[in-house]
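In: need a structure here:
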Amino acid sequence: MSTPQRPAEPDDNDRDNDGQGDAVEPAPPSRPGRTAYRRGAANPNSSTNRLRADVLGALGVLKVATADQLQRLLRPGAASNTVIRQALRDLALHGLVASDGNTKTGHKTWRLEGAAGLEAAGHVLGLPRSDMGSTARGAGRSGAQHAMAVNETVLAFVRGGTVPGAAGGVGTVRSWSTETEFLLPGGRRKVRPDGVWQAPEIGVPVLMVEVDRSTMAPADVAAKFPRYRELFRARVRDNDPALADREPADRTVHWWRRTWPGHTRTGYPPVALVVTDAGPLALANRQQAVADLSADGWRGRWCWEVRDYNDDGWREYDDAVPIVATTLELLAEHGPLGPVWWRFGRSGRHPLIEALENPNNRAAYDLRQAAREDEEHKAHQELMDSLVCIDCGDVPEEESSWVYGSRQWTRRPGGRCWPCHQDREERLEREAEEQLEAARTANAALRPCWTCRGSIGGKAGSPLELAEKAGPDRLECPQCVSDRETQSLGPLMLPLPTKREQMAALVSPPTDRWWQDRLRHAKLYPAKDRAA
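Out: Just a heads-up that it's a prediction; the model follows:
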């Protein structure tokens, strides 16, 4: 005989919010070793209090959803949506939820029912009845296609990507609100994003989300973004005591900074555009078209510095709305933190945090400017290294040009610094003067000029004076040579030796200092040639 088994304690999920579980009565065991429980009368579908609260909270945010979406959002590890449907049926018995239609794929849609459903969901979310919006009555009759796309967007943010290695999700369904209306200045027009997402834990205090099912013209989608900028421009009074002594105009702050504190990026809160229900090429063209039509709102203001000698500059985003776009398919595959976001005005797709960084801003310009200055400094240093002085090895800090006497000196590769250049010039001048004096002395000791009988080196100080010792064949000074050329007198021909001079030269050396030259000239210029 088997030993009676002790009934198992109810799970924590089976307890009410006040700690009491649903009233159940043990029944006789259906088989040895097991205990059966009768379903509670209040919730005959055996749903738990916790699950019913989660469903109410999710419907309070999403307004209308299917059991499958609620299962993936609230109980992603469950094998099926059975427990979700049980909770929905129990809530329907209490008049808190209702179903009034099916999606295009045949899934039943559920929504909150009446004031009781809104109040119950508000109690779960901690929101007053006035902030709960509507019950979306009748949305399911047409399939609620737009609501389904919004729900899938929320699911992608919360659950993360589905492909292997994809980034996880961020936050919970309570990080979202839908159908939130914002009054534009004047109080007559409104802005109502499809979703408002708050994730301050990752540095995104708020993100407005627009879901586009490709049913509107791109111009109509682009027309939404100027209204966001108009909304974000509104300012309210800042009650900070530290600003009490300022003028009223200086004591205002953008209202969204008080509503969602923690913004660190320049510009207004970002807006995300999620497109779907078209082919990849059509969706890519649609994103580009929306970007082109809304450029005035996200592009920012172009700035530059007068000192720049190029067309480079940066953009200021203090009055711009950052817009990022993706497709619902990419978002579902890779999650919000995956490389799926295209920032308008920037190339490529990036993770959300990276995509929200303002492109081509002042910081990026400063990096480019610093790189240019480094290149200029490097090129300048390479030039200066090429101008190292060949005498003392000095490396200049800048190029140098000096006027030396009547000549201009410029430091060049393989050259000298100015002191070494000056020393060399002075040394060369001294050497030239010493050489000239030595040449004068040597030329004065030689035979004189045949024509003027002056120094064979020329008159001292004249421009044509020889700076070196005259050669043994020179017969005239430079001035006489120049005069002969000017007057076209032809070459100098010394007198022919006479027979008497030749006979005397056989007896004793001649005293004529030009005797050898006269003999040479006699051979070069014979008497018969001279007569001709």
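In: pretty sure residue 112 contacts residue 137?
Out: No - the criterion here is C-beta atoms under 8 Å, and residue 112 misses it with residue 137 at 9.2 Å. Bear in mind the C-beta positions are built from the backbone N, C-alpha and C, glycine included.
In: Same drill for those two, tell me which one is more crowded.
Out: Between residue 112 and residue 137, counting by other C-beta atoms under 10 Å, residue 112 is the more crowded of the two (28 against 15).
In: Need the pLDDT of that one.
Out: pLDDT for residue 112: 94.
In: cool, and residue 458?
Out: We have a pLDDT of 89 for residue 458.
In: what about it, neighbour count?
Out: 26.
In: Give me the secondary structure label for it.
Out: coil (DSSP: H, G, I helix; E, B strand; the rest coil).
In: got the contact list for it?
Out: Contacts for residue 458 (C-beta atoms under 8 Å, 6 or more residues apart in numbering) come out as 443, 464-466, 477-479.
In: next one: phi and psi at the closest residue to residue 171 other than its chain neighbours?
Out: Nearest residue to residue 171 in three dimensions, chain neighbours excluded: residue 199, at 5.3 Å (C-beta to C-beta, 6 or more residues apart in numbering). Dihedral pair for residue 199: phi -140, psi 60, per degrees, to the nearest 10.
In: go on, the one 5 residues further on?
Out: With angles defined as degrees, to the nearest 10, residue 204 shows backbone torsions of phi -120, psi 90.
In: Quick check: it touching residue 353?
Out: Yes - if you go by C-beta under 8 Å, residue 204 and residue 353 touch, sitting 7.5 Å apart.
In: the more surrounded of those two?
Out: In terms of neighbours (other C-beta under 10 Å), residue 204 is the more surrounded of residue 204 and residue 353; the figures are 24 against 14.
In: show me what contacts that one?
Out: Contacts of residue 204 by C-beta under 8 Å, 6+ apart are 197-198, 270, 352-353, 356.
In: And the residue nearest to residue 171, how far from residue 446?
Out: Here the criterion is C-beta to C-beta, to the nearest Å. By it, residue 199 lies 105 Å from residue 446.
In: cool, and residue 331?
Out: The value you get for residue 331 to residue 446, if C-beta to C-beta is used, is 104 Å.
In: Counting neighbours, go ahead and name the busier of those two.
Out: Set residue 331 next to residue 446 and count neighbours by other C-beta under 10 Å: residue 331 wins out with 25 against 16.
In: Please verify my assumption that that one contacts residue 156.
Out: Yes - using C-beta under 8 Å, residue 331 is in contact with residue 156, at 4.4 Å.
In: any idea whether residue 489 is helix, strand or coil?
Out: Counting by three-state DSSP, the backbone at residue 489 sits in coil.
In: meant to ask about residue 171, not that
Out: coil.
In: count of neighbours near it?
Out: For residue 171, the neighbour count with other C-beta under 10 Å is 18.
In: Ramachandran angles for it?
Out: For residue 171, the backbone dihedrals are phi 70, psi -160 (criterion: degrees, to the nearest 10).
In: Looks like it contacts residue 197 (just checking).
Out: Yes - taking C-beta under 8 Å as the definition, residue 171 is a contact partner of residue 197 at 7.4 Å.
In: where do the strands sit along the stretch 51-200 of the chain?
Out: For the stretch 51-200 of the chain, the strands defined by DSSP state E, counting those that start in this stretch cover 64-66, 97-98, 109-112, 176-177, 182-183, 190-191, 195-199.
In: ends of stretch 169-182, how far apart?
Out: 27 Å (C-alpha to C-alpha, to the nearest Å).
In: Run through who's touching that stretch.
Out: So stretch 169-182 is contacted by 57-58, 61-63, 73-74, 125, 133-134, 150, 154, 156-160, 190-199, 201-202, 231, 335-337 (C-beta under 8 Å, 6+ apart).
In: So which bits of it are buried?
Out: 169-179, 182 (16 or more other C-beta atoms under 10 Å).
In: who's in contact with residue 392?
Out: 417, 419-420.
In: possible to save those as JSON lines with neighbour count?
Out: Formatted as JSON lines, those follow (neighbours: other C-beta atoms under 10 Å):
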{"residue": "417", "neighbour count": "20"}
{"residue": "419", "neighbour count": "12"}
{"residue": "420", "neighbour count": "16"}
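In: Quick check: of the residues you listed, which lies closest to residue 366?
Out: Using C-beta to C-beta, residue 417 is the member of these that lies nearest residue 366, at 36.1 Å.
In: Beyond the helix ranked longest in the chain, next helix or strand please.
Out: Identified as the longest helix of the chain according to DSSP state H is helix 418-445. Next in sequence after helix 418-445, counting helices and strands by DSSP states H and E, comes helix 478-486.
In: which residues touch that next one?
Out: 449-452, 457-459, 462, 464-466, 476, 490, 492.
In: Try it again at 7 Å.
Out: 449, 451-452, 458-459, 462, 464-466, 492 (C-beta atoms under 7 Å, 6 or more residues apart in numbering).
In: go on, stretch 361-373?
Out: 312-315, 317.
In: Please indicate which of the residues you listed are buried?
Out: With burial judged by 16+ other C-beta under 10 Å, the buried subset of the contacts of stretch 361-373 is 314-315, 317.
In: Closest one of these to residue 470?
Out: For the buried ones among the contacts of stretch 361-373, the closest approach to residue 470 (C-beta to C-beta) belongs to residue 314, at 75.4 Å.
In: Mind putting the contacts of residue 392 into CSV with pLDDT and distance to residue 165?
Out: CSV is the format used below for the contacts of residue 392 (pLDDT from 0 to 100; distance: C-beta to C-beta, whole Å):
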residue, pLDDT, distance to residue 165
417, 84, 63
419, 86, 68
420, 88, 67
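In: and of the residues you listed, the nearest to residue 512?
Out: residue 420 (52.4 Å).
In: Do I have it right that residue 265 meets residue 358?
Out: Yes - in this structure, residue 265 is within contact of residue 358 by C-beta atoms under 7 Å, at 6.5 Å.
In: Looking only at neighbour counts, state which of these two leads.
Out: residue 358 (22 against 16).
In: Quick check: the gap between the closest residue to residue 492 other than its chain neighbours and residue 153.
Out: Nearest non-adjacent residue to residue 492, counting by C-beta to C-beta, 6+ apart: residue 475, 5.6 Å away. Computed as C-beta to C-beta, the residue 475 to residue 153 distance reads 110 Å.
In: One more: residue 280?
Out: Taken as C-beta to C-beta, the span from residue 280 to residue 153 is 18 Å.
In: more neighbours, these two?
Out: Shown here are residue 280 and residue 153; by other C-beta under 10 Å, residue 153 has more neighbours (25 against 10).
In: thought that one was touching residue 211?
Out: Yes - Residue 153 is within contact range of residue 211, at 5.4 Å (criterion: C-beta under 7 Å).
In: thinking again about what came up before, output the contacts of residue 204 in a markdown table; the columns should cover distance to residue 530 and pLDDT.
Out: Output for the contacts of residue 204, formatted as a markdown table (distance: C-beta to C-beta, whole Å; pLDDT from 0 to 100):
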| residue | distance to residue 530 | pLDDT |
| --- | --- | --- |
| 197 | 118 | 97 |
| 198 | 120 | 97 |
| 270 | 109 | 97 |
| 352 | 109 | 97 |
| 353 | 107 | 96 |
| 356 | 106 | 96 |
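In: which one of those sits closest to residue 344?
Out: Using C-beta to C-beta, residue 270 is the member of the contacts of residue 204 that lies nearest residue 344, at 10.4 Å.
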